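Chemist: Starting from these lines, generate the structure:
(2 chains)
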Amino acid sequence: MNILDTIYQTTYTKKFEQRKKWKALNLKQIISFIPGTIQNILVKPGQKLKKGDKLLILESMKMQNIIRIPVDGVIKSIHVKLEQKIAKNTLMVELE
Amino acid sequence: MAIEKKILELQQKREVVLLGGGEKAIEKQVAMGKLTARDRITAIMDTDSFHEYDLFVQHDARDFDMEKKVLAGDGVVTGTGTIAGRSVCIYAQDFTVAGGSLGSMHARKITKIMDHALKMRMPLIGINDSGGARIQEGVNSLAGYGEIFFRNTLASGVIPQISVILGPCAGGAVYSPALTDFVFVVDNISKMFITGPEVIKTVLGEEISMEDLGGARVHAEITGNAHFFAKSEQECFEQIKKLISFIPSSNVNKLCIIEDKEPDPSIKIDSILPEDTKMPYDVRDVIRAVVDDSDFFEIQELWAANLVIGFGRIKGETIGFVANQPLVLAGVLDVDSSDKAARFIRYCDAFNIPLVTFVDLPGYLPGVDQEHAGVIRHGAKILYAYSEATVPKISVILRKAYGGGYIAMNSRHLRADFVFAWPSAEIAVMGPEGAANIIFKKEISEAKNPDEMRKIKVKEYTDKFANPYVAASKGYIDSVIEPGETRKFLLHAIEVSKNKFIAGPSKKHGIPPF
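Modeler: Got it, this is the predicted structure:
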């Protein structure tokens, strides 16, 4: 294991070996942060939106969660259907 | 004689209640590989020392046909007794009675025994084996839980509180063990989670078995919720008895100092460190070389193994040990090990147990996942815990003590009382390789042979700084000692710190980075 340029001989913990490797966030992909049901899709492909506009409603934990667009952009494709039950980290909407 | 008839009546009533949920329910419990509540208490306590109270308590629920149901002791056994002659309060939930579910009278029995423990200043042991709240009693069950959690917190730091999970402990119920000082789990029997697999499947679509979600191994190895892991209930009871023998009965009782024994002479403390400073060794060997009878009682052995905590005795007195473990993750400090150390330090501080720290770490664990997990906030916990502790604090720096790690591990600057260092100690702001790369960056990049120059500069740095004498020259460490003298120095340091008293600035309490 390399710590500050010094290599040590050691064993790893299970948690360290199993850790999720970090990936940079891709703002063009709107990914679900919580599992739930798609209640309402408010946009169409090709639609131009400003930062903060509503994309869809995700019902989860007995709440209607409003998913908003994080940047100004154009909708490329919508990957979910109405009433679809999705898991965490599902790609819902893709931007140009 | 009229009284004889009455006595007979009492004995008959007792016999019925002592059977709990009845013969059939007891059979089911045994078939699951579990002991009954009263059998568990008998196994833990000294023979014939257990006195049960509230045997005839009845539930007072009237909804959902509850008036027709008779629940023996309302599903929990409470009482007092002794373990190795030391008085303790104990309660054990009875899974044979309505699944051990908690109703308001069940909770009332538990809170009564908790109040006793707090008043009489004795340890509280809670055996959890319950299906959760009794739905028929509605909000009254929740009220019962709330009263228990509040008392767990009130008693925290005053009396030792031990939770033993010998069955399901789900939903809100699991917060009681979480608030107590030590949690014992048994393989294949303990189950702890907030939401069970059925709920997770329905709401989230994730499929996982009860054992994988919140079984004993999960809590002993991954979540750190459990402090002791046993393969059988019997092994668990032995662990409980051993723990009780180490800890004082309350924050005002001083543990009687038992007869001391010398450490195992076959452990040669001089030969534990390997020749190469980058090779690991088991720091527990060092601890065993200095404690009485080489008897080191490790806590949370399977979780955050890069830091070792536990109890040992020096000259008969219980000492809390904290040590970096080079065998795992090179002994670095990270999110989990900081949590582990900080909580243990605060426990020892609350119960007046002196702390001895063995230092050998290259620093904090680098990595995006650590940073994003908040290693800053969690790492600060260990600094807070050491600074706040007013028990005698003694450090022994065995090998590496670099940068933030040096400060965090009970340095003089966090008001350690005595800091010793072995001649093999390297107390520096950074390891030689890392430091040379930064300080001599220009010389290395301008040299004809950069690699050769780097090697020279690393050696220069090592000779000058990778030793205990620079820190010793400023009085940051008190003494450079030979490994063989360690026990002698520790003994003396603890002896002279006996009457340590510190009065800090008056405050309600600090704000640790929770």
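
Chemist: With just CA atoms, put stretch B:290-309 into PDB.
Modeler: Below are the C-alpha coordinates for stretch B:290-309, written out as PDB (Å, rounded to 0.1, in the frame of the first residue of the first chain):
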ATOM      1  CA  VAL B 290       3.300  -5.400  28.900                       C
ATOM      2  CA  VAL B 291       0.000  -6.500  30.400                       C
ATOM      3  CA  ASP B 292      -0.500  -8.700  33.400                       C
ATOM      4  CA  ASP B 293      -0.600 -12.400  32.500                       C
ATOM      5  CA  SER B 294      -0.400 -11.200  28.800                       C
ATOM      6  CA  ASP B 295      -4.200 -11.100  29.100                       C
ATOM      7  CA  PHE B 296      -5.500  -8.500  26.500                       C
ATOM      8  CA  PHE B 297      -9.300  -8.300  26.100                       C
ATOM      9  CA  GLU B 298      -9.800  -6.900  22.700                       C
ATOM     10  CA  ILE B 299     -12.900  -5.000  21.700                       C
ATOM     11  CA  GLN B 300     -14.400  -4.700  18.200                       C
ATOM     12  CA  GLU B 301     -11.700  -7.000  16.900                       C
ATOM     13  CA  LEU B 302     -13.200  -7.500  13.500                       C
ATOM     14  CA  TRP B 303     -14.100  -4.000  12.600                       C
ATOM     15  CA  ALA B 304     -11.600  -1.200  11.700                       C
ATOM     16  CA  ALA B 305      -8.900  -3.600  12.400                       C
ATOM     17  CA  ASN B 306      -6.300  -1.000  11.600                       C
ATOM     18  CA  LEU B 307      -6.700   0.300  15.100                       C
ATOM     19  CA  VAL B 308      -6.800  -1.900  18.200                       C
ATOM     20  CA  ILE B 309      -8.700  -1.200  21.400                       C
END
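
Chemist: what residues are up against the residue sitting nearest the centre point of chain A?
Modeler: Taking C-alpha atoms, centre = their mean, the centroid of chain A lies closest to residue A:31, which sits 2.1 Å from it. With contact set as C-beta atoms under 8 Å, 6 or more residues apart in numbering or on different chains, residue A:31 has these partners: A:89, A:90, A:91, A:92. C-betas here are computed from N, CA, C, even on glycine.

Chemist: now, which of the residues you listed sits nearest chain B?
Modeler: Using C-beta to the nearest C-beta, residue A:90 comes nearest to chain B of these, at 10.6 Å.

Chemist: rewinding a little: ok, the residue nearest to the centre of chain A to residue A:89 distance?
Modeler: 6 Å (C-beta to C-beta, to the nearest Å).

Chemist: Could you tell me which of the contacts of residue A:31 count as buried?
Modeler: Buried members of those, counted by 16 or more other C-beta atoms under 10 Å in any protein chain shown: A:90, A:92.

Chemist: I'd like the contacts of residue A:31 laid out as JSON lines, including pLDDT, secondary structure and distance to chain B.
Modeler: Shown next, in JSON lines, are these (pLDDT from 0 to 100; DSSP: H, G, I helix; E, B strand; the rest coil; distance: C-beta to the nearest C-beta, whole Å):
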{"residue": "A:89", "pLDDT": "86", "secondary structure": "coil", "distance to chain B": "12"}
{"residue": "A:90", "pLDDT": "90", "secondary structure": "coil", "distance to chain B": "11"}
{"residue": "A:91", "pLDDT": "92", "secondary structure": "strand", "distance to chain B": "16"}
{"residue": "A:92", "pLDDT": "92", "secondary structure": "strand", "distance to chain B": "16"}
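
Chemist: Can I get the contacts of residue A:31 in a markdown table including distance to residue B:484?
Modeler: Shown next, in a markdown table, are the contacts of residue A:31 (distance: C-beta to C-beta, whole Å):
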| residue | distance to residue B:484 |
| --- | --- |
| A:89 | 56 |
| A:90 | 62 |
| A:91 | 63 |
| A:92 | 66 |
